[in-house]
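J.: Provided below for reference: sequence and predicted model.
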Amino acid sequence: MSNLPIACGKDVLLGKSRSDLEQWVALRGEEPFRGRQLHQWLYTKGVKTLDEITVLPKTLRSTLDKSGVEIGRLEEAKRVVALDLTTKLLLETSDGEKIETVGIPSEHRLTVCVSSQVGCSMACRFCATGKEGLTRSLEVNEIVDQVLSVREAMNRRPSHIVFMGMGEPLLNIYAVLNAIRCFNEDLGISQRRITVSTVGVANTLPKLGELAMRHLGRVQFTLAVSLHAPNQKLREFLVPTAKAYPLELLLEDCRHYLDITGRRVSFEYVLLGGVNDLPEHAEELSLRVSGFQSHVNLIAYNPIDEEDFNRPSQRRINAFRNVLEQKGIAVSLRASRGLDQNAACGQLRRNHQPN
């Protein structure tokens with residue numbers, strides 16, 4: 001499939017497809033098999049420098065290096081491993097920015113939670129990343145590297161990817177879709193095992209569906225829309241940017257996305273003790289999401305220092321879930337991981353910032 005526009009001005013290899021690399025080497029007077037060699041060493045071996053690609057002639061490596069060609073890998077600045085082996089990495093970009101990625105292991109799968117931006121402009125009140133604001137969007141290689149870095153740190157092949165780290169993916173839509181292509185075609189991770197999470201950006205869900213259909217051929221990844229509230233007033237309190245994007249319009253765009261792609265929408269709902277976790281909230285939510293293909297994923301709040309929100313009791317969580325199930329809504333509860341190591345998105349970066 002064809003790549004979407006890439007904003008990066010540097011000559012970076014990571015993120016390029018096999019055919020891209022074959023064309024890239026041909027422009028430099030090399031045979032196509034050199035592109036296939038680069039592809040193998042980038043994605044199978046995970047090299048970080050040109051010198052490591054010993055299958056290439058030394059003169060060619062030297063020429064590429066002098067011309068400013070880069071692999072595009074990031075540096076690991078910090079690693080934190082929780083008691084449940086959830087592994088959070090703080091990675092440093094070439095311009096000195098810090099981003100987070102998390103490896104979440106279970107017996108049969110390894111899920112990588114990737115970031116799409118440095119910081120975030122959405123300012124959700126319960127999210128540590130939103131407290132920092134947005135610095136910039138990530139480039140394709142910076143997104144792809146996160147999966148390679150977790151693979152190396154945990155010595156295990158990732159099976160699932162979720163765009164639920166730092167940033168709003170739909171504000172970096174081209175890089176995110178190019179990264180999905182790379183994960184699928186170059187790393188062999190099925191689209192069905194990739195989830196893109198968004199809090200909602202006006203006029204982008206239909207665009208996401210159309211671009212994905214055009215450039216990925218078919219849309220099989222999961223779209224997860226973060227609602228966190230069953231009505232506009234409460235949503236504006238929790239997600240300030242919702243003032244410019246009414247809940248009814250967001251849900252209408254979700255239906256439009258489903259029509260374009262044929263893929264059901266998953267709704268994420270962070271349960272905040274005493275704020276949005278009451279039975280009446282569940283009743284109202286069931287009315288909002290009924291009537292079209294959807295699924296609700298409940299997430300118990302992971303506390304951060306800057307806010308006074310509380311994690312709901314298990315009794316409250318179960319009661320909320322029971323109401324949705326009784327209303328015929330497909331619902332699941334995401335297991336909390338890494339709580340002993342401040343695993344909420346953005347916390348590791350904030351703790352690592354100089355005072």
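T.: Done, it's in. Since this is a predicted model, take the numbers as computed values, not measurements. Numbering: from 1, shown residues only.
J.: from here on, just use CA atoms for contacts and neighbour counts.
T.: Fine.
J.: so the most far-flung residue of the chain relative to its centre is in which element?
T.: Farthest-out residue of the chain from its mean C-alpha position, per C-alpha atoms, centre = their mean: Thr59, at 38.3 Å. Using DSSP states H and E, Thr59 sits in helix 58-66.
J.: chain center to that helix: distance?
T.: Centroid displacement of helix 58-66 relative to its chain, using C-alpha atoms, centre = their mean, to the nearest Å, is 34 Å.
J.: list the buried ones in that helix?
T.: For helix 58-66, burial by neighbour count (16 or more other C-alpha atoms under 10 Å) applies to Arg61.
J.: the chain: helices as residue ranges?
T.: 18-26, 32-43, 58-66, 140-154, 173-185, 205-216, 232-238, 247-261, 279-289, 314-326, 347-352 (DSSP state H).
J.: so for Pro303, which of those sits nearest?
T.: Taking C-alpha to C-alpha, helix 347-352 is the member of the helices of the chain nearest to Pro303, at 10.1 Å.
J.: what's the average pLDDT for that closest one?
T.: Helix 347-352 shows a mean pLDDT of 54.
J.: now swap in stretch 170-184 and tell me
T.: Mean predicted confidence for stretch 170-184 is 98.
J.: quick one: closest of the helices of the chain to Thr87.
T.: Of the helices of the chain, nearest to Thr87 by C-alpha to C-alpha is helix 140-154, at 7.7 Å.
J.: just to revisit the earlier point, residues in contact with the helix holding Thr59?
T.: Leu50, Asp51, Ile53 (C-alpha atoms under 8 Å, 6 or more residues apart in numbering).
J.: kindly recompute the last result at 7 Å.
T.: Leu50, Asp51 (C-alpha atoms under 7 Å, 6 or more residues apart in numbering).
J.: quick revisit: the helices of the chain into a markdown table, with extra columns for distance to Leu271?
T.: Putting these into a markdown table (distance: least, C-alpha to C-alpha, whole Å) gives the following:
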| stretch | distance to Leu271 |
| --- | --- |
| helix 18-26 | 43 |
| helix 32-43 | 38 |
| helix 58-66 | 50 |
| helix 140-154 | 28 |
| helix 173-185 | 27 |
| helix 205-216 | 24 |
| helix 232-238 | 11 |
| helix 247-261 | 18 |
| helix 279-289 | 10 |
| helix 314-326 | 8 |
| helix 347-352 | 19 |
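J.: lowest-confidence stretch among those?
T.: helix 347-352 - the lowest mean pLDDT of the helices of the chain, at a mean of 54.
J.: so how many other residues sit close to the closest residue to Val80 other than its chain neighbours?
T.: Nearest non-adjacent residue to Val80, counting by C-alpha to C-alpha, 6 or more residues apart in numbering: Lys88, 5.2 Å away. By the measure other C-alpha atoms under 10 Å, the count of residues near Lys88 is 26.
J.: appreciated, that's everything.
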